[in-house]
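Enquirer: From the sequence below, what's the structure:
(one chain, ligands or ions: 2)
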Amino acid sequence: MPPDLRGPLSERVWALLHGDPAPQPGAVAVEDPLSDDDLHLALFLSYEIHYRALETVDDRAEWSPALIAFREELELPFEVALREAFMRTPTCEPIDVQLRALIAEAGGVSLSSYLARFGTRAMYREFLMHRSIYHLKEADPHSFGIPRLRGQAKVAMLEIQHDEYGGGDPAWMHSALFARTMEGLGLEPAEGRYADQLPGITLATMNLMSLFALHRRLRGALVGHLAAFEMTSCIPNRRYGDGLRRLGYDGDVTRYFDEHVEADAAHGAIAANDLAGSLLESEPALDVDVLLGASCLIGLEARAAAYLIDRWDRGESSLVTDGATRSLAEG
Ligand SMILES: [Fe+2]
Ligand SMILES: [Fe+2]
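Expert: Ligands and ions are numbered 1, 2, ... in the order given. Here you go, the predicted model:
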């Protein structure tokens, strides 16, 4: 089923995916490249084919020169805005110290505290829909980094990814655990199922990973993103699980979150020291990008969290339907 497209950019990507040389809608100019709905649905659709088959789309579209060329035009304002908003100047300290400082100074609202205390079933359902664009393919974007790393950094990334993929048991793949959480709240755990209901501010968090994953020149940012992701995971996941327990859920529904409380304590240390630290030993000039990747993750997640909480506080749904908002109760 074609997604609900949002404007000329997503319409053009959809046409290019189907081999239709649609006319260029003009220069890509959007007000906020970090959250524009049309830009980020367009980018999301153009990236998705690198991960999975898209219904009605020929697999060969993945390397369509016209699609790749247009995707580059979409990526440019996004990457420029990311660097403008989140670039940090590295210090002489070890990267794990710098990453910890970056995380410590991050402010903003806490989505996990909010859901733990006030989360309703409707809010949790929306939260899972937002998160499904990544968690149902959890770890896949960072796996694009594996052939781009060497030595200890490669081994460290594989150690983390091995756990993410269930440590040898498909039932324990984090994506499979998340699917069971979704089922427990009556949602369909199909990749991309809810993408066209998500605002650009959420799609941007996934597009960020794909941008870093699909460009070898951005391998430092991909590593920084993974490091910050793992280093900031334990406490929020404990809270997400606690909120679900408060609503009466347990077992299969909370397992995804419970699993991350323990696993990511180890992953955070491996990612900061063995992965990011080793990468910078061999390629010290990548320090700017490692910090950029971490800072972008923290910054975009904070913007998305603020958006969700603002909507929910007003009793509104955080989803987008036909360009109109709807009340949370309908969720
Ligand atoms: Fe995970
Ligand atoms: Fe992890």
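Enquirer: Does the helix or strand bottoming out on mean pLDDT in the chain reach ligand 1?
Expert: The weakest-scoring helix or strand in the chain, judged by mean pLDDT, DSSP states H and E, is helix 255-269 (a mean of 92). No: figure legend: helix 255-269 not in contact with ligand 1 (Cβ under 5 Å from the ion); closest approach 5.6 Å. From N, CA and C alone the C-beta is placed, and that goes for glycine too.
Enquirer: Centre of the chain to that helix, how far?
Expert: With Cα atoms, centre = their mean, to the nearest Å as the basis, helix 255-269 stands 17 Å off its chain's centre.
Enquirer: before we move on, what about stretch 302-313?
Expert: The chain centroid and the centroid of stretch 302-313 are separated by 16 Å, computed with Cα atoms, centre = their mean.
Enquirer: Give the buried residues for it.
Expert: Under the neighbour-count criterion of 16 or more other Cβ atoms under 10 Å, stretch 302-313 has Ala302, Arg303, Ala304, Ala305, Tyr307, Leu308, Ile309, Arg311, Trp312 buried.
Enquirer: so what's the residue in the stretch 1-150 of the chain positioned nearest to ligand 2 up against?
Expert: Across the stretch 1-150 of the chain, the shortest distance to ligand 2 (Cβ to the ion) belongs to Ala139, at 7.8 Å. Taking Cβ atoms under 8 Å, 6 or more residues apart in numbering, we find Ala139 in contact with Ile160, Gln161, Glu164, Tyr165, His174, Ser175.
Enquirer: Specify the next element, helix or strand, located C-terminal of the helix or strand the second one falls within.
Expert: Counting by DSSP states H and E, the secondary-structure element that holds Gln161 is helix 151-164. As assigned by DSSP H and E, the chain's next helix or strand after helix 151-164 is helix 174-184.
Enquirer: What lies in contact with that following helix?
Expert: Applying Cβ under 8 Å, 6+ apart, the external contacts of helix 174-184 come out as 128, 131-132, 135-139, 164-166, 170, 188-189, 249, 252-257, 259-260.
Enquirer: Please list only the buried members of the residues you listed.
Expert: Using 16+ other Cβ under 10 Å as the burial test, the contacts of helix 174-184 include 128, 131-132, 135-139, 164-166, 189, 249, 253-257, 259-260 as buried.
Enquirer: on that earlier part again, with distance to ligand 2 added, can I get the buried residues of stretch 302-313 in TSV?
Expert: Shown next, in TSV, are these (distance: Cβ to the ion, whole Å):
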residue	distance to ligand 2
Ala302	20
Arg303	22
Ala304	19
Ala305	19
Tyr307	25
Leu308	22
Ile309	25
Arg311	28
Trp312	27
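Enquirer: Could you dump those into TSV with pLDDT added?
Expert: TSV is the format used below for these (pLDDT from 0 to 100):
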residue	pLDDT
Ala302	96
Arg303	96
Ala304	97
Ala305	97
Tyr307	97
Leu308	98
Ile309	98
Arg311	97
Trp312	97
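Enquirer: and the stretch 151-300 of the chain, which of its residues are near ligand 1?
Expert: Counting by Cβ under 5 Å from the ion, the stretch 151-300 of the chain sits next to ligand 1 at Glu164, His174.
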